[in-house]
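Engineer: sequence first, then the predicted structure, then my questions.
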Amino acid sequence: MDFQKQLEELVRKNILEYVSPELESLKTELELIKSNTSLTDSFELLSRTAAAKLLDINPNTLSIYVHQGLLKCIRTSDKGKMQFRKKDLLSYIESKVGGNQ
């Protein structure tokens with residue numbers, strides 16, 4: 001095996017050693033959230049601030065995600081106040097955790 005392939009293998013191994021425990025932690029956290037969410041909670045509407053906090057992102061980033069079509073929001077007033085279904089946000093989190101396997 002040449003030097004570049006050895007280096008690539010070493011980097012890949014180190015990344016996997018770091019990322020795998022993080023992914024497992026996220027999966028466990030997601031399962032806890034899901035198990036503590038009743039049927040009525042899954043249809044709960046969250047404000048933009050609460051939704052951003054759940055996703056651990058800035059509210060402005062959340063607005064960008066909506067604009068890009070990554071997330072759906074419900075406009076609840078003439079002023080365009082954004083609200084988000086908790087169920088949709090949890091599905092988004094699950095897709096991101098599952099997509100990084």
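Structural biologist: Noted; the coordinates are in hand. Numbers count the residues shown, from 1 in each chain.
Engineer: so in the chain, which helix runs the longest?
Structural biologist: As assigned by DSSP state H, the longest helix anywhere in the chain is helix 3-35.
Engineer: so which bits of that helix are buried?
Structural biologist: Along helix 3-35, these residues count as buried under the neighbour rule (16 or more other Cβ atoms under 10 Å): Leu30, Ile33. All C-beta spots, glycine's among them, are computed from the backbone N, C-alpha and C.
Engineer: what helices or strands is it leaning on?
Structural biologist: The contact analysis (3 or more Cβ pairs under 8 Å, 6 or more residues apart in numbering; DSSP states H and E) places helix 3-35 against helix 86-99.
Engineer: now the helix it packs on: how far from the chain's centre is it?
Structural biologist: 5 Å (Cα atoms, centre = their mean, to the nearest Å).
Engineer: and it with helix 3-35, angle?
Structural biologist: Helix 86-99 runs at 150 degrees relative to helix 3-35, counting by axes from the mean of the first three to the mean of the last three Cα atoms, to 10 degrees.
Engineer: for helix 86-99, packing partners?
Structural biologist: Taking 3+ Cβ pairs under 8 Å, 6+ apart as the contact cut, helix 86-99 packs with helix 3-35, strand 45-47, helix 48-55.
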